[in-house]
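Enquirer: coordinates only, sequence not included:
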């Protein structure tokens, strides 16, 4: 059962992530609201094992783990790329497809190449055969166990080779519907910005807009 959870200017919100790229996007999104934003990584919280088989399950695991460990309301995001021609993969295993770089982080060039190899293996050559979507699920969790779920999706086409050095993850190979540039070529304000009456293109921005309407009272206090 969903419960109402609200945040006001000055409240602390723990972002349940150790991913620097995701933290940067959320800091930009949340900047107008005057929250005291801190990440699980900055607090030194352990990363829970993501054992879920859906975006919702993994978002819940991360949000509740951070809320309990920090004794504070926490927001978690679980997101990924689902490609139609390869059975919705990589889906919840999107980050795993990237493997690890020599520096210990994810190597998304490896992940993008794996997706392309899978598409080539099934003969997905034309744009119509290369449809996919980025999915994002946000879970806002309270230490007492209450939670609210927000979901967003951005549909588009997979391109090759990768284009652009903006964003992070699989952005350089994803061209959203209605555009001829990838998320990797798109300025951040177009991809994931939020302002009253305007929602960014990304899956995360669309889930975030629902979070703003519900938990932040629909906009910025003046």
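Expert: Thanks, I have it. On a predicted model such as this, the values are computed, not experimentally measured, just so you know. Numbers count the residues shown, from 1 in each chain.
Enquirer: point out where the protein drops to low pLDDT.
Expert: Counting by pLDDT under 70, the chain contains low-confidence residues at 1-3, 101-104, 192-199, 218-222.
Enquirer: so which residues make contact with the longest helix anywhere in the chain?
Expert: When secondary structure is assigned using DSSP state H, the longest helix within the chain turns out to be helix 55-70. Contacting residues not belonging to helix 55-70 are listed as 14-17, 40, 43, 45-46, 48-52, 73-80, 92, 135-143, 145, 147, 149, 151 [C-beta atoms under 8 Å, 6 or more residues apart in numbering]. Backbone N, C-alpha and C define where each C-beta goes, glycine included.
Enquirer: of these, buried ones?
Expert: 14-17, 40, 45, 48, 50, 73-80, 92, 135-142, 147, 149, 151 (16 or more other C-beta atoms under 10 Å).
Enquirer: which of the residues you listed fall within helices?
Expert: Using DSSP H, no member of the buried ones among the contacts of helix 55-70 sits in helices.
Enquirer: report the buried residues of the longest helix of the chain.
Expert: Going by neighbour count (16+ other C-beta under 10 Å), the buried part of helix 55-70 is 55-56, 58-70.
Enquirer: would you confirm that residue 204 belongs to a helix?
Expert: Yes: the assignment for residue 204 is a helix, going by DSSP: H, G, I helix; E, B strand; the rest coil.
Enquirer: give the closest residue to it in space, chain neighbours not counted.
Expert: Spatial nearest neighbour of residue 204, chain neighbours left out: residue 136 (4.5 Å); criterion: C-beta to C-beta, 6 or more residues apart in numbering.
Enquirer: contact partners for the one you found?
Expert: Contacts were defined as C-beta under 8 Å, 6+ apart; by that measure residue 136 touches 55, 77, 78, 79, 151, 152, 153, 202, 203, 204, 206, 207.
Enquirer: adding distance to residue 105, write the residues you listed out as a markdown table.
Expert: A markdown table is the format used below for the contacts of residue 136 (distance: C-beta to C-beta, whole Å):
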| residue | distance to residue 105 |
| --- | --- |
| 55 | 21 |
| 77 | 17 |
| 78 | 18 |
| 79 | 17 |
| 151 | 27 |
| 152 | 25 |
| 153 | 26 |
| 202 | 21 |
| 203 | 21 |
| 204 | 19 |
| 206 | 26 |
| 207 | 24 |
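Enquirer: looking at these, which is nearest residue 117?
Expert: Distance from residue 117 was checked for each of these by C-beta to C-beta. The minimum falls on residue 79, at 22.1 Å.
Enquirer: hang on, isn't the closest one packed against residue 135?
Expert: Yes: in this structure, residue 79 is within contact of residue 135 by C-beta atoms under 8 Å, at 6.1 Å.
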